[in-house]
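Trainee: Return a 3D structure for these sequence lines:
(2 chains)
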Amino acid sequence: MMNKITVILGIALAGVAAHAAELHVAVKDHRGKNVADAVVLAVAVDPRNAQHSHPPPDAVDQVDKQFVPYVKPIFVGSTVHFPNSDNIRHQVYSFSAAKKFELPLYAGTNAPPVVFDKPGVVVLGCNIHDWMIGYIYVSETPFFAKTGPLGTVAITDMPPGEYSVRIWHPSMDRAEETTTRQINVSAEAAASAEWQIGLKPSIHVPRVSGAASASYP
Amino acid sequence: MVFCAASHTARGDWTIATSAALSHDNNVGSAQDLASVVADSNVAVSASLLQQLSIGGGFSFAAGGDLSGQVYEHLSGLNNASLDGVLFLKKKWGVGAFAPWTRAGISIGRANYDDGYRDATLYRASLEAGKRLNERWNLWAKYQFEHNRAAPAATELYGVSGDVFSLRGRTFKSGVQFSVSDRVSLGVGSILRHGDVVSTTQPGLYIFSYSKAVAPDPTFGPGAYAYRLDGTTFGARLGADYALSAHNLIGCGFQRLETHGQGSNNYGDSMSDLTWNYRF
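Mentor: This is a model prediction of the structure:
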């Protein structure tokens, strides 16, 4: 009996996959340069296309006193682990409205996972190493992805239909809502779109101190 | 003892940093008389190893050492090497990069010069505080007590001490750092110091009458004498840094100091430098 159900489910899922649509997105800045770490979010206009599955656990690592990856998009309700691959202790925190939390000093994989149950941007920091900064984008839609070094990304397995697609980037010079476009994706051919966004000069807390710093001379 | 106890429960963060600087000083001997003013350039290198230990509650300990050396272009007697042991206790008053912090530190070191009569044991105690206002602006202040203990010169002139290079002083520094971009930052600092100063110049009765100690200073030539006086120094520093990478920084700076020595034995001193810092 169980085998029959598995086979039926498999056929059904294969059918969905066969009719799934794809959206290819390229993000560039105003000078035409590829923009990495931009989060692309596609919200289904038809609520029946907004699949709500239980997302698998995710992770943001700490390597060489940096958050890896720098930008991590997740689906709302996801659980995120914060393993520490450095041979020192970190104290990860966030003051963001979407998720306020603080993990006490820890090493290795001892930190309890954090559930991100509210959509929005969560800025991560380490209270020991002030220059460490990372972003978790908690998406209200399951259709999202992050651009790679070439500034491109593909969102796959989308039910065909109309989507409100928008872009977010940590250095973007305007609100993400202003980037929204309506895009129709079909099973026949992958849809593609390109965004040009303005980026503010990024200012981070410096890691090394020198001639201009407090400790000099 | 606290440090040892803490190490059982926490893993420390080793910081290894190196730096090099090329500096020019237009009045190395701090002389008032223009005829005695000597300018020179030097190359300084240093390496520091620091173990930082976060112990919770916003407190962290740091213990380590600095090894540094300086080589002068002309005044080879000033070439020196020094070794310092440092211990800091830092408290961060809150969570986040913008939380204010305070730090107390002590250090003990030894500096050895080519002209050995300058050799000294260096004692420092400091209190620092800082606050980053945002990603661009960073404020800091530091109060430091210093005591350099040198072997007194054997010769005494007219009953005046020969212990010229044993110095005590208190320094207050403050500054602001501004990040122009992710790579470029600018800094402005002020310095106020009161305590012993050493002025090396040709012999003079006026400066002698205000000196607490006098000794020949052949580093600056056969007729030069070093005078230890009470003095107050005011100064300012401008600096700029460019980050080559997250670990690697080059910079330049300019510092102007004006010292008011007892009996109007005043002098000025300008220093400019090119720096390189690498933090592993």
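
Trainee: Mind picking out the helix or strand in the chain with the poorest mean pLDDT?
Mentor: Assuming you mean chain A. helix A:2-18 (a mean of 41; mean pLDDT, DSSP states H and E).

Trainee: switch to chain B, that's the one I care about
Mentor: Per mean pLDDT, DSSP H and E, helix B:2-7 ranks last in chain B, at a mean of 36.

Trainee: Contacts for the helix or strand following that helix next, please.
Mentor: Downstream of helix B:2-7, the first helix or strand assigned by DSSP states H and E is strand B:13-25. For strand B:13-25, contacts defined as Cβ atoms under 8 Å, 6 or more residues apart in numbering or on different chains pick out A:88-89, A:128, A:208, B:39-54, B:62, B:64, B:269-280. C-beta: built from backbone N, CA, C; applies to glycine.

Trainee: show me what contacts residue 120?
Mentor: Since no chain was named, I'll use chain A. A:96-99, A:137-138.

Trainee: not quite, I wanted chain B
Mentor: B:110-111, B:148-150, B:165-166.

Trainee: how about those in TSV, adding neighbour count, secondary structure and distance to A:Ile155?
Mentor: Formatted as TSV, the contacts of B:Ala120 follow (neighbours: other Cβ atoms under 10 Å in any protein chain shown; DSSP: H, G, I helix; E, B strand; the rest coil; distance: Cβ to Cβ, whole Å):
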residue	neighbour count	secondary structure	distance to A:Ile155
B:Arg110	14	strand	64
B:Ala111	20	strand	64
B:Asn148	20	strand	67
B:Arg149	16	strand	70
B:Ala150	20	strand	72
B:Phe165	24	coil	72
B:Ser166	19	coil	73
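
Trainee: Closest one of these to A:Pro56?
Mentor: Proximity of the contacts of B:Ala120 to A:Pro56 was ranked by Cβ to Cβ; the top entry is B:Arg110 with 58.6 Å.

Trainee: thinking that closest one is in contact with B:Leu122, fair?
Mentor: Yes - applying Cβ atoms under 8 Å, one finds B:Arg110 in contact with B:Leu122, separated by 6.9 Å.

Trainee: any shared contact partners between the two?
Mentor: In contact with both B:Arg110 and B:Leu122: B:82, B:84, using Cβ under 8 Å, 6+ apart.

Trainee: Look at B:Leu53 and say how many residues are nearby.
Mentor: Other residues near B:Leu53 come to 20 when the count uses other Cβ atoms under 10 Å in any protein chain shown.

Trainee: Please read the previous query as pertaining to A:Val123.
Mentor: With other Cβ under 10 Å as criterion, A:Val123 counts 16.

Trainee: cool, A:Asp117 as well?
Mentor: A:Asp117 has 12 nearby residues by other Cβ under 10 Å.

Trainee: ditto for the one 4 residues further on
Mentor: Counted with other Cβ under 10 Å, the neighbours of A:Val121 add up to 18.

Trainee: Could you list everything it pairs with in the sheet?
Mentor: In this structure, A:Val121 bridges to A:Tyr137 when assessed by DSSP bridges.

Trainee: picking up where we left off before, just the buried subset of the contacts of strand B:13-25, please.
Mentor: Neighbour-count burial (16 or more other Cβ atoms under 10 Å in any protein chain shown) applied to those gives A:88-89, A:128, A:208, B:40-42, B:44, B:46, B:48, B:50, B:52-54, B:62, B:64, B:269, B:271-273, B:275-279.

Trainee: pretty sure A:Val114 is in contact with A:Phe101, am I right?
Mentor: Yes - the criterion here is Cβ under 8 Å, and A:Val114 meets it with A:Phe101 at 5.3 Å.

Trainee: Going along the chain, name the strands of chain B.
Mentor: Counting by DSSP state E, chain B has strands at residues B:13-25, B:40-56, B:59-72, B:80-92, B:101-113, B:120-132, B:137-150, B:167-179, B:184-201, B:213-216, B:225-243, B:248-261, B:267-279.

Trainee: Grab the nearest non-local neighbour of A:Glu194.
Mentor: A:Ala26 (4.5 Å; Cβ to Cβ, 6 or more residues apart in numbering or on different chains).

Trainee: That neighbour looks like it's in a helix, true?
Mentor: No - under DSSP: H, G, I helix; E, B strand; the rest coil, A:Ala26 falls outside any helix and is assigned strand.

Trainee: Bridged to it, which residues?
Mentor: As for beta bridges, A:Ala26 partners with A:Thr152, A:Glu194 under DSSP bridges.

Trainee: can you tell me which residues contact it?
Mentor: Taking Cβ under 8 Å, 6+ apart, one finds A:34, A:147, A:151-152, A:192-195 in contact with A:Ala26.

Trainee: ok, what's across the strand from B:Asp148?
Mentor: Wrong residue type there; residue B:148 is Asn, not Asp. B:Leu122, B:Leu167.

Trainee: Let me fix that, I meant to ask about B:Tyr143.
Mentor: B:Leu127, B:Phe172.

Trainee: Could you report the distance from it to chain A?
Mentor: 13 Å (Cβ to the nearest Cβ, to the nearest Å).

Trainee: my guess is that residue meets B:Arg170, correct?
Mentor: Yes - B:Tyr143 is in contact with B:Arg170 according to Cβ under 8 Å; the separation is 7.2 Å.

Trainee: and residue 112, how many neighbours?
Mentor: Unless you meant another one, I'm taking chain A. Neighbours around A:Pro112, by other Cβ under 10 Å: 12.

Trainee: um, chain B though
Mentor: Counted with other Cβ under 10 Å, B:Asn112 comes out at 14.

Trainee: For it, which residues are in contact?
Mentor: B:80-82, B:119.

Trainee: one more time with 10 Å
Mentor: Contact analysis of B:Asn112 by Cβ atoms under 10 Å, 6 or more residues apart in numbering or on different chains lists B:69, B:79-83, B:118-120.

Trainee: Quick one: buried ones out of those?
Mentor: B:69, B:79-80, B:82, B:118-120.

Trainee: Tell me the pLDDT of the closest residue to A:Pro119 other than its chain neighbours.
Mentor: Distance criterion Cβ to Cβ, 6+ apart; nearest residue to A:Pro119, sequence neighbours excluded, is A:Glu140 at 4.0 Å. Here, the pLDDT recorded for A:Glu140 equals 94.

Trainee: How about B:Tyr143?
Mentor: pLDDT, read off for B:Tyr143, is 97.

Trainee: That one reaches B:Glu128, doesn't it?
Mentor: Yes - the criterion here is Cβ atoms under 10 Å, and B:Tyr143 meets it with B:Glu128 at 7.7 Å.

Trainee: give the contact list for the residue nearest to A:Pro119.
Mentor: Going by Cβ under 10 Å, 6+ apart, the list of residues near A:Glu140 reads A:41, A:43, A:50, A:75-76, A:118-120.

Trainee: PyMOL command to pick out the buried ones of those residues?
Mentor: Applied in PyMOL, the following selects the buried portion of those according to 16+ other Cβ under 10 Å:
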select buried, chain A and resi 41+43+50+75+76
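
Trainee: between the contacts of A:Glu140, which is nearest chain B?
Mentor: Lowest distance from chain B to the contacts of A:Glu140 (Cβ to the nearest Cβ) belongs to A:Gly120, with 18.3 Å.

Trainee: In strands, which of the contacts of A:Glu140 fall?
Mentor: Per DSSP E, those map to strands at A:41, A:43, A:75, A:120.
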